[in-house]
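Asks: Everything below, folded, please.
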Amino acid sequence: MKKIINYFMGALTIIVILFIGGFTIGSVGIVPDNAIVYVDEKSNIYYSPLSLNQEKVTKLNLRKSTFKIAETLGYKMSEDDKQNGYFQQDGRSLSGMLFEKIGILPKIKSRVDAQGNWLY
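Replies: Numbering: from 1, shown residues only. All right, here's what the predicted structure looks like:
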């Protein structure tokens, strides 16, 4: 009986350590494939709408596309957008993902809505 209790306590200790450690391991996601981007066909660079205004779109003659199409065609992300993290979104820790899956935590709000429009 003592052996069973020791195995149980050992397993429980490992589970607790992994669970607590899971809070230190974060995740980063990228925007969904349908996110609207602007592409510069001359330089093969794509931009987030967060880094543009209508004047720049017109001046550079940028065309509207989606993140997936821009990536598939081999366009490169604007360096400014990369540095500002516009195409990344911080996600939950591993333990936070577990809480989200079982319904304790709500889903993290996406940067892009279902139509591909940027929310912020």
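Asks: who touches the lengthiest helix in the chain?
Replies: The residue-count maximum for a helix in the chain (DSSP state H) belongs to helix 2-22. By CB atoms under 8 Å, 6 or more residues apart in numbering, the surrounding residues in contact with helix 2-22 are 93, 94, 95, 96, 98. Heads up, the C-betas are built off the backbone N, CA and C, glycines and all.
Asks: Out of the residues you listed, which sit inside helices?
Replies: Using DSSP H, the members of those that fall in helices are 94, 95, 96, 98.
Asks: Filter those residues down to the buried ones.
Replies: In terms of neighbour count (16 or more other CB atoms under 10 Å), the buried residues within those are 94, 95, 96.
Asks: Can you lay out these as JSON lines showing distance to residue 35 and pLDDT?
Replies: Rendered in JSON lines, the data for these read as follows (distance: CB to CB, whole Å; pLDDT from 0 to 100):
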{"residue": "94", "distance to residue 35": "25", "pLDDT": "76"}
{"residue": "95", "distance to residue 35": "28", "pLDDT": "81"}
{"residue": "96", "distance to residue 35": "23", "pLDDT": "82"}
